[in-house]
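>>> this one's sequence-less:
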């Protein structure tokens, strides 16, 4: 609703008539973070109300701080399906510069593309926009100015002799007589910062007055900041320009007088990104550090160390956000730190956010929303104002790191983490019982019974832990030194698979004593084993070489019952769930394959929006965990009745968006559905009282009967 449209709307009347602050506050609290940002821009009264009654309210301030530090943000994703090198965002649009020279413009509300800007012949290196224009900088040194509303290219200028590394539209100098006068600042690897002058007016042929055209060609002004090295990053403030150079220096300039105010020297390699919030600034470098600067003193007051080159940095009034050449986003506390304290302190990250497919090159941050874009063209919006909260029928457990594997029974939840440890939690109280430490690499697989916990790691070892005391009972190391891909307890036996393609059988012969009962070496014909599943009668291993294959073993004597070879599928089989004769096959793609093992055929392939990582079946419902936190429910009878072999998401029963990162494991029993993700969040949902389930799990279905009916 527009407060300035003259309509006597409900919100406008509440603002104008009487003391209705309490009602307005409740209305605004229903909005998500993006909508609150848009509400701030409607008019001055709305902006003041949102600031005073929402963002600066003590209760809301604590809520948003909790959201940034440990909340599960509501998440939306946009996949460009092509490589992206830059992004800029405002309340209306997400604009992405692509590696092939195109610029995609998306509606932020709908995540649908609204425009495609074509004209550059090489990759887009930088972007900026305001309500009137979009400005793009290119690797070939050219800058193009586009009308944001029409998408028309208004001008192309080449003020630099080297690739453009940054462009910024400054605030208009004046807007008198129907004309807009403003400047564009650009930086380049030629070591210069230049300024272009624009004079624009509204298009007379445009009925709604939103189209702009240039009154005259952009003027490359006599404005030049001479840097002593190629400029690799630049950002603007109200009165200052901050440049990052290839020689590791950060320079602070007075925007009007063109004078150099400070030369900040601490980095040891070229600067990749900058963020300016005077008197503070952030810089990220190829020396694997991000520095927080006090610009008035010219000192670095905090150093945030990374394990690889820093790629982007962002700073707001609550947190510092950094990314590097890995895929994660790191959030750090923003707190006052004197140089003396900085020398003594060890910086620790509040949390890391996963979900991207490649290094994150662009960050846009508002009070409650973070939007990020990576090199593969995945854009993720995380709303920390509107976080997933515990409620009736749903409990949330937060682990100390991302979860790789999980096993549950009625007493405990045990998780293997990315930090190489295993955490044991009491399922009733959600309190940590103990942490098991010993593995030297990721814990990849885990299982347990009433007496012990078994863990397999990529450090080539299998460790058997006493469940009551947490002590190691037995250590088994793979004879070929290969990574352990699966462990399963089957009666008195422990099954172990590895990337060598071998199946190892350990047998318990006494308390704390195990022997290697059988060893089946890898097959050159079938290749590596990435997945393992078993029940009381069958064992199934998933193999990958040139093509994938399944080997079905007898759980009694380990005779090979059947080998199913696939002629055309080269995807790695990451996960298998077995409910004989049904096998759910999770590959390195978006499809979940349903196999009838007795008929040795794939009967259905369920197509998802993102990669499938795990799946299970319970009372006639297939539950699938996907890469971007999607939890998808399918009715087995319904999908078997579909005539096509490949079944799309339109036939799914329900999709739940609660995780903000990839779902790595699913457990379901008579009480709860338990899922975890790579951000370390475990969600437990009661099958009877969780509001979204209703009567979802009230009908048991035998897969064998469904297969028989479908063949008739």
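Good, I have the coordinates. As the structure is a computational prediction, the values presented were derived from the model and not from experiment.

>>> Verify the stated contact: residue 456 with residue 462.
Yes - between residue 456 and residue 462 a contact is recorded at 5.0 Å, counting by CB atoms under 8 Å. All C-beta spots, glycine's among them, are computed from the backbone N, C-alpha and C.

>>> list residues touching both of the two?
484, 487, 496 (CB atoms under 8 Å, 6 or more residues apart in numbering).

>>> now the residues you listed in TSV, with secondary structure and pLDDT?
TSV is the format used below for the shared contacts of residue 456 and residue 462 (DSSP: H, G, I helix; E, B strand; the rest coil; pLDDT from 0 to 100):
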residue	secondary structure	pLDDT
484	strand	95
487	strand	97
496	strand	96
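
>>> which of residue 456 and residue 462 has more neighbours?
Ranked by neighbour count (other CB atoms under 10 Å), residue 456 and residue 462 place residue 456 first, with 30 against 24.

>>> three-state assignment of the more buried one?
strand (DSSP: H, G, I helix; E, B strand; the rest coil).

>>> which non-adjacent residue is nearest it?
Sequence neighbours aside, residue 484 is the residue nearest to residue 456 in space, at 3.4 Å (criterion: CB to CB, 6 or more residues apart in numbering).

>>> measure that neighbour to residue 153 for me?
Here residue 484 is placed at a distance of 57 Å from residue 153 (CB to CB, to the nearest Å).

>>> tell me the phi and psi of residue 546?
phi -70, psi -40 (degrees, to the nearest 10).

>>> Can you give me the pLDDT of it?
pLDDT, residue 546: 80.

>>> before we move on, what about residue 411?
96.

>>> and what of the one 4 residues further on?
At residue 415 the predicted local distance difference test score is 97.

>>> That one should be in a strand, yeah?
Yes - the assignment for residue 415 is a strand, going by three-state DSSP.

>>> On the strand side of things, show who it bridges to.
Beta-bridge pairing for residue 415 (DSSP bridges): residue 406, residue 423.

>>> I figured it hits residue 676, correct?
Yes - between residue 415 and residue 676 there is a contact under CB under 8 Å: 6.4 Å.

>>> Could you report the separation of residue 367 from residue 29?
Where residue 29 is concerned, residue 367 sits at a distance of 14 Å (CB to CB).

>>> actually residue 642, sorry about that
43 Å.

>>> Give me the helix or strand of this structure that scores worst on average pLDDT.
Lowest by mean pLDDT, DSSP states H and E among the helices and strands of the chain is helix 339-344, with a mean of 47.

>>> mind listing what the next helix or strand after that helix pairs with, with the direction of each?
Once the chain leaves helix 339-344, the next helix or strand it forms, by DSSP states H and E, is strand 351-353. Next to strand 351-353 in the sheet, as set by DSSP bridges, lie strand 329-333 (antiparallel).

>>> quick one: buried residues of the partner strand?
329-332 (16 or more other CB atoms under 10 Å).

>>> before we move on, the earlier item: so for residue 415 and residue 676, which residue has more residues nearby?
Legend: neighbour count by other CB under 10 Å for residue 415 and residue 676, higher for residue 676 (31 against 27).

>>> Secondary structure element for the more buried one, which one?
strand 672-677.

>>> so residue 707 is in which element?
Applying DSSP H and E, one finds residue 707 within helix 703-711.

>>> how many other residues sit next to residue 139?
Residue 139: 20 surrounding residues under other CB under 10 Å.

>>> No more questions from me, cheers.
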